[in-house]
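J.: everything below, folded, please.
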Amino acid sequence: MTVLPDDGLSLAAEFPDATHEQWQRLVEGVLRKSGKEVSGEAAEDALSTKLEDGLTTRPLYTAPEAAPDTGFPGFAPFVRGGSAAGNAASGWDVRQRIAGTDPVRVNDAALADLENGTTSLWLAVGDAGLPAAGLARALEGVYLDLAPVSLDPGAQYAEAARALLALYTERGVEPEAAHASLGADPLGHEARTGEALDLAEAAALAAETAAAWPHVRTLTVDALPYHEAGGSAAEELGLSLATGVAYLRALTGAGLGTEAALGQLEFRYAATADQFLTIAKLRAARRLWSRIAEACGAPQAGAQRQHAVTSPVMMTRRDPWVNMLRTTVACMAAGVGGADSVTVLPFDQELGLPDAFARRVSRNTSTILMEESHLARVIDPAGGSYYVEQLTDELAHAAWEFFQTVEKSGGQAAALRSGLVAERLAATWAERSKKLAKRREPITGVSEFPLLSEKPVVREPAPAPLTGGLPRVRRDEAYEALRARSDAHLAATGKRPTVFLAALGPAAAHTGRATFASNLFQAGGVTPVHDPVSVTPETAAAAYAASGADGMAVLCSSDALYEEQAEAVAAALRSAGATTVFLAGRPGTASAAVDEYVFAGCDAVAVLSSVLDRMGVSS
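T.: Residues are numbered from 1 along each chain as shown. Purely as a prediction, here's the structure:
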């Protein structure tokens, strides 16, 4: 009997390593079965996915393609984390956002959050939240030496900052024990509102704060306005760098040293349900900011302090429960990506003021990921992944290129005022909107698998957000407009617009296309009615009449049955009152029998808008 060495690898060692070319040949065989005759690199390209910013995700990554050395956590270029221990010591800071104008209610929410897992507070102050004078009441009972406070004060940053710092003094909090972010962000405010603020005032406040409060950061570089205006990951990063550089210039101009100026900044980024892109974005952000700190002569002071917020753009107003899944993935990506603080927005965020249940779920999302899934046990758990490292590197280069474009235009303030930022983000969003309209980027519960019978979730209105600057976009906005038309029609008539699905032949022939058509029409608030028994030319008229359809019918079956029955069934449907007959399939099939086609990749928003118009559903 042969005794194998107990190394667990000897069996594999007897086989030669596969080559990249061998793998490509196997891919060619798989693609050939699906009708694609491609070979070599073209076969690999066929499985690749194009992302924004000119990036491409390939199906396979190997060691030779790994990015440059990323160093160690806590050391420049900080790709692997801003501190040596990362989040492994105590996990990331769970920062709960509270938006409200009543100090008493804000206080109730703050105490409930802190007693149940939140480790810091993010308070909306000023025009979109609490009056600065209400901070003392809102923070009553909060141990300010234990719970960091982050402000979102808009134009009232100076008043809010002085109110918070005075509260620390009044309650006897030692300067060394106070940890806070005062949230001054003049350029972010201008992006939101179009109102220009004086950077010199913010810089003077920072110089005053740095001298007396060692752990209080005055300025926030908030990239959310650019993300919420439709910007890509590289654009979000590039604009945050340009903003950060503008603040560094103002701070050093106010007399702060470079290291002290770097210590006065906190960066805020969006975390989306695209987990790998979010992980790469946060890692790339640290690398890029480290490069700027190095150019300023303070490389070891360039550890970027990051606050990640689950993306408002991805949140849906229909089927909002699915937002819990989106925010869970986004929170996981933010934690894995090395964010210092993470805010999980409640699932009902876009419907008004979140209720207690929604706030509890958002708090517990981080708790489960850290305490039960143990995501914080390992520093930079995605590090070393060939895909993540390559994506981080490519994203960093794309972001740096855009940052240079902004700097060449005169810097962030000039780019905002000239329209460069607005035009660039609008172009990016226009391209993405095409994918959303064609359902190439699906929205679960909205453009895919919508539930028309769902009861709407109603919440108390939230304070109106700041407006006047860059727009705020949402992935669901085009479908939300269609659904709103359907809702109004339902309220006026007691019935939603209805379309008849004419399924031909056995279930095996029509199920796939009937399911596709049903999803598509429901995405626009149109109720699909499907006869329990497949229709024939003889039964089509009666089935349509019984459906209550509003002039629309859709043929659903195989191409072979379309050739046999489509013309006769379409004629029968028209005789029963159908003014438009669609066919679920590619244009050209049974072309003489039908008026229009619906198929994968068609512009669903345009089709649905046209359907509602023809049904007399007002816009």
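
J.: quick one: contacts for Gly335?
T.: By Cβ atoms under 8 Å, 6 or more residues apart in numbering, the contact list for Gly335 reads Asn87, Gly91, Trp92, Val342, Ser366, Leu369, Met370, Leu375, Ala376. For every residue, glycine as well, the C-beta is placed using N, CA and C.

J.: go again with 10 Å.
T.: 87, 91-92, 271, 279, 282, 308, 342, 366, 369-370, 373, 375-376, 381 (Cβ atoms under 10 Å, 6 or more residues apart in numbering).

J.: for these, which one is nearest Gly551?
T.: For those, the closest approach to Gly551 (Cβ to Cβ) belongs to Ala271, at 44.9 Å.

J.: is it true that the closest one touches Val344?
T.: Yes: assessed by Cβ atoms under 10 Å, Ala271 is found in contact with Val344 at 8.9 Å.

J.: so Ala88 sits in a helix?
T.: No: applying DSSP: H, G, I helix; E, B strand; the rest coil, one finds Ala88 to be coil, outside a helix.

J.: picking that back up, please indicate which of the contacts of Gly335 has the highest neighbour count?
T.: Greatest neighbour count in the contacts of Gly335, by other Cβ atoms under 10 Å, goes to Ala271: 31 neighbours.

J.: any idea how far stretch 34-53 is from the chain center?
T.: 26 Å (Cα atoms, centre = their mean, to the nearest Å).

J.: now do stretch 456-467
T.: Computed by Cα atoms, centre = their mean, the chain-centroid distance of stretch 456-467 equals 19 Å.

J.: check contacts around Ala99.
T.: The neighbourhood of Ala99, defined by Cβ under 10 Å, 6+ apart, consists of 106, 109, 122-125, 128-130, 152, 349, 353-354, 462-463, 465.

J.: could you list which of those belong to helices?
T.: Val106, Ala109 (DSSP state H).

J.: type out the PyMOL command that picks the buried ones from the contacts of Ala99.
T.: To isolate in PyMOL the members of the contacts of Ala99 that are buried, counting by 16 or more other Cβ atoms under 10 Å, one can use:
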select buried, resi 106+109+122+123+124+125+128+129+130+152+349+353+354+462+463
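
J.: between the contacts of Ala99, which is closest to Gly601?
T.: Closest to Gly601, out of all of these and judged by Cβ to Cβ, is Gln349, at 31.4 Å.

J.: nearest spatial neighbour of that closest one, chain-adjacent residues omitted?
T.: Excluding the flanking residues, the one nearest Gln349 by Cβ to Cβ, 6 or more residues apart in numbering is Met315, at 5.7 Å.

J.: quickly find the element holding that neighbour.
T.: For Met315, there is no host helix or strand (DSSP states H and E).

J.: so it is in contact with Val473, correct?
T.: No: Met315 lies out of contact with Val473 (Cβ under 10 Å); the separation is 11.6 Å.

J.: neighbour count winner among the two?
T.: Met315 (22 against 19).

J.: and that one, what does it touch?
T.: Contacts for Met315 (Cβ under 10 Å, 6+ apart) come out as 322-323, 326-327, 345-351, 474-476.
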